[in-house]
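[1] Sequence and predicted structure below; questions after.
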Amino acid sequence: MNEKTMIEEQHFAEIIAEESICTNENLVFEKTNILTDTPMHYCPGCGHGVAHRLIAEAIAELNIQEKTVGVAPVGCSVFMYNYLDIDMTEAPHGRASAVATGIKRVLPDKYVFSYQGDGDLAAIGTGETIHTCNRGENILIVFINNGIYGMTGGQMAPTTLVGMKSTTTPFGREVEVMGNPLKITELIAQLPGVYYCTRVAVNTPVNVRKAKKAILNGFKYQELKKGLSFVEIVSNCPSNWKMTPVDSNKWMEENMLPFYPLGDLKVPGKGE
Amino acid sequence: MKELKLMKGNEALAEAAILAGCDGYFGYPITPQSEILEYLALEAKKRTGMVVLQAESEVAAINMIYGAAGTGKKVMTSSSSPGISLMQEGISYIACAELPCLLVNVVRGGPGLGTIQPSQGDYFQAVKGGGHGDYKLIVLAPSTVQEMVDHVKLGFDLAFKWRNPVMILTDGALGQMMEKVQLPAQLPRSTEAPSWATVGKPKTRERNILTSLHIQPDKMQDINLHLQKKYSDIEKEEIRFEKYECDDAEIILVAFGLVARVCQKAAQFAREKGIKVGVFRPITLFPYPYKELNKLADQAKGILTVEMNAGQMVEDVRLAVNGKIPVEFLGRMGGIIPTPEEILHKLEEKFVGEMV
């Protein structure tokens, strides 16, 4: 950089500083340090990024970075360890809750969470999911349900809606052939080992706030050692749904949310 | 004088795990090794606070091991052949993430559901891979109940020394039979986490990531080269074997585990008949004592390998001997243990005629 450009740069910086509204008193959002600076690989408009941020913010707010171990298995979020500045283990497909069980059992005072997609948690890992929940492991499971296999390129998931097209249900999911979508969250909410079970979304600011609250709860409840916290996040997959991000959120609200209604399925102290 | 106890192989191994300061056991029942889980469920927690958890499947058990081993604790699982098959994906992940842990395979006859009787049919699976990709387990093959005990501490020591899963490859007979054992002193449970463990990231270090995912080909090749270098170092440092009356032997019986003891009896019978027979027993199946066997081939006229399978280790014996002398094979399958008499008969049939 030559001297002239340096002077110009400085000049512009001064003007910006004078006129900028980016001041400390106007600060409304700051990226938490628990999120690394690594650019995320997720497609534009995908809910994973927001969900990651909420987990990172929860860890920061609870000041538990030194006591948290995360587990992310095969699927789009397999690279989660690139984005969170915490100790993490990458799990085989479907086995995140077993891996998390192993960690939690030998380190009962640490905060342990798994972050799993629908194929992972509700298809190949159904056995581990149900038994981990049933044992009441004191961990948090974050379940991303976007009704499709993202990483492998848009195949049918256990949560794919009836009639919904995927690369393996090119004419739409037929109940006669593939059965009905699996509401695994309703299923596991019945288990006594599950202490807290809720379904949230990250499609609107108000839903993002609710999701954040649910994740905070999930971490905090681990201290009580009363059982497992399960947070389903209904999400979108613009790339594999073959929609724009805006359209995918609209489609999610119109199609996913009626079948997977938002709200608490099990809250401590209620309906037990 | 130290106290001797009469113990069943599986129970002795479980007791040895408690005494070794093992932090956690995750497993699923399967014959002929369920006594390990049962013994630990009864004894471990009250004595050392060790975690003992019956998983919902072998698949879950090995992944619990993966998670728990990642915290740097001393953890182990055990199973028998079909269960070990189910664990192979997890073992491959653990090997690539370089996590120390102890795996015990009390082998039964296969393939398929097979029998619940002893077998050595999982040699290939244990020694040559088993799961996907290029990896190695350190494999220990006990031949007595005493070694079922000794190999637990040795296994943990090797696992942590090399950050590598270690497998004790034993069989249904050793698991079920009772012998006298001398138990070691109680060792403490783990206290400090190794630097690589996922236990929560303090401000003072970078985060620890345990993964076997390296999507860039050159990075994945580097990981493989690193693993291969480690395996080659293990081959230099950790070979263990036992020689029985090999010094003047003209015929060498090669066998591992329980079969090596049957071979010793066969060697005694042979020597009574004036045939100079010795027994070579690999204790580590990986790393395999190729060089020692090759040396023996310079003095002996022939080798008879005896296994409870269709001929698995014999391939390594042939690699070791490299055509210097004939290598014959006697195998029993389906849960049948070869007798000293049939070994002697085979030995005479194959070698004695020529020698006369």
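    Looks like it came in fine.

[2] what bits of the stretch 151-272 of chain A have low per-residue confidence?
    A:271-272 (pLDDT under 70).

[3] Close to chain A: what parts of the stretch 51-200 of chain B are there?
    Residues of the stretch 51-200 of chain B lying near chain A by C-beta under 8 Å from any C-beta of the partner chain: B:51, B:53, B:55-57, B:59-61, B:63-71, B:73, B:75, B:89-90, B:93, B:97, B:197-200. (C-beta placed from N, C-alpha, C; glycine too.)

[4] Counting only strands, which of the residues you listed make the cut?
    B:51, B:53, B:75 (DSSP state E).

[5] which of the residues you listed lies closest to chain A?
    Closest approach to chain A among those (C-beta to the nearest C-beta): B:V51, at 4.8 Å.

[6] sorry, back to before: in a markdown table: the ones in strands among the residues of the stretch 51-200 of chain B next to chain A, plus pLDDT and neighbour count.
    Output for those, formatted as a markdown table (pLDDT from 0 to 100; neighbours: other C-beta atoms under 10 Å in any protein chain shown):
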| residue | pLDDT | neighbour count |
| --- | --- | --- |
| B:V51 | 98 | 22 |
| B:L53 | 98 | 22 |
| B:V75 | 98 | 31 |
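
[7] from the residues you listed, which single one is nearest A:N146?
    Closest approach to A:N146 among those (C-beta to C-beta): B:L53, at 32.2 Å.

[8] That closest one and A:A98 touch, don't they?
    No - using C-beta atoms under 8 Å, B:L53 is not in contact with A:A98, being 10.3 Å away.

[9] list the contacts for the residue in chain A that chain B sits nearest to?
    When C-beta to the nearest C-beta is the measure, chain A has its nearest residue to chain B at A:G102, with 3.0 Å between them. By C-beta atoms under 8 Å, 6 or more residues apart in numbering or on different chains, the contact list for A:G102 reads B:24, B:26, B:63-70, B:75.

[10] Helices of the chain, residue ranges please.
    All of this is about chain A. All helices of chain A, identified by DSSP state H, fall at A:3-19, A:48-62, A:96-106, A:118-119, A:126-135, A:175-178, A:184-189, A:205-220, A:238-241, A:245-251, A:257-259.

[11] You answered for a different chain; I wanted chain B.
    So, for chain B - with DSSP H - the helices run B:9-19, B:34-48, B:58-69, B:81-86, B:88-97, B:123-127, B:145-162, B:172-176, B:217-237, B:258-272, B:290-299, B:313-321, B:340-347, B:353-355.

[12] Backbone dihedrals for A:L27, please?
    phi -60, psi 120 (degrees, to the nearest 10).

[13] Return the residues of chain A in contact with chain B.
    Counting by C-beta under 8 Å from any C-beta, the residues of chain A close to chain B are A:64-69, A:71, A:78-79, A:81, A:84-92, A:95, A:98-107, A:110-111, A:127-128, A:131.

[14] hmm, try it at 7 Å
    Contact residues (C-beta under 7 Å from any C-beta of the partner chain) of chain A with chain B: A:65-69, A:71, A:78, A:81, A:85-92, A:95, A:98-103, A:105-107, A:110, A:127-128, A:131.

[15] before we move on, back to that, please identify the most buried of the helices of chain B.
    Stretch with highest mean neighbour count among the helices of chain B: helix B:58-69 (a mean of 31; mean count of other C-beta atoms under 10 Å in any protein chain shown).

[16] Geometric centre of chain A: which residue is closest?
    Geometric centre of chain A, nearest residue: A:A51, 4.2 Å, by C-alpha atoms, centre = their mean.

[17] Apart from its chain neighbours, what residue comes closest to it?
    The shortest distance from A:A51 to any non-neighbouring residue, by C-beta to C-beta, 6 or more residues apart in numbering or on different chains, is to A:I233 (5.4 Å).

[18] Tally up the residues packed near the one you found, please.
    26 (other C-beta atoms under 10 Å in any protein chain shown).

[19] how about it, what does it touch?
    A:47, A:51, A:142-145, A:200-202, A:211 (C-beta atoms under 7 Å, 6 or more residues apart in numbering or on different chains).

[20] 6 Å - rerun?
    Counting by C-beta atoms under 6 Å, 6 or more residues apart in numbering or on different chains, A:I233 touches A:51, A:144, A:200, A:202, A:211.

[21] ranges for the strands of the stretch 51-200 of chain A?
    Taking DSSP state E, counting those that start in this stretch, the strands of the stretch 51-200 of chain A run over residues A:68-73, A:87-91, A:111-117, A:140-145, A:148-149, A:155-156, A:194-201.

[22] wait, doesn't B:A20 sit right on B:D150?
    No - counting by C-beta atoms under 6 Å, B:A20 stays clear of B:D150, with 10.2 Å between them.

[23] Common neighbours of those two, please.
    With C-beta under 6 Å, 6+ apart, B:A20 and B:D150 have no common neighbours.

[24] thinking again about what came up before, save the helices of chain B as a markdown table, and put in distance to A:P192 and mean pLDDT too.
    Formatted as a markdown table, these follow (distance: least, C-beta to C-beta, whole Å; pLDDT from 0 to 100):
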| stretch | distance to A:P192 | mean pLDDT |
| --- | --- | --- |
| helix B:9-19 | 31 | 98 |
| helix B:34-48 | 22 | 98 |
| helix B:58-69 | 20 | 98 |
| helix B:81-86 | 28 | 98 |
| helix B:88-97 | 28 | 98 |
| helix B:123-127 | 39 | 98 |
| helix B:145-162 | 36 | 98 |
| helix B:172-176 | 36 | 98 |
| helix B:217-237 | 43 | 97 |
| helix B:258-272 | 46 | 98 |
| helix B:290-299 | 56 | 97 |
| helix B:313-321 | 50 | 98 |
| helix B:340-347 | 57 | 98 |
| helix B:353-355 | 73 | 59 |
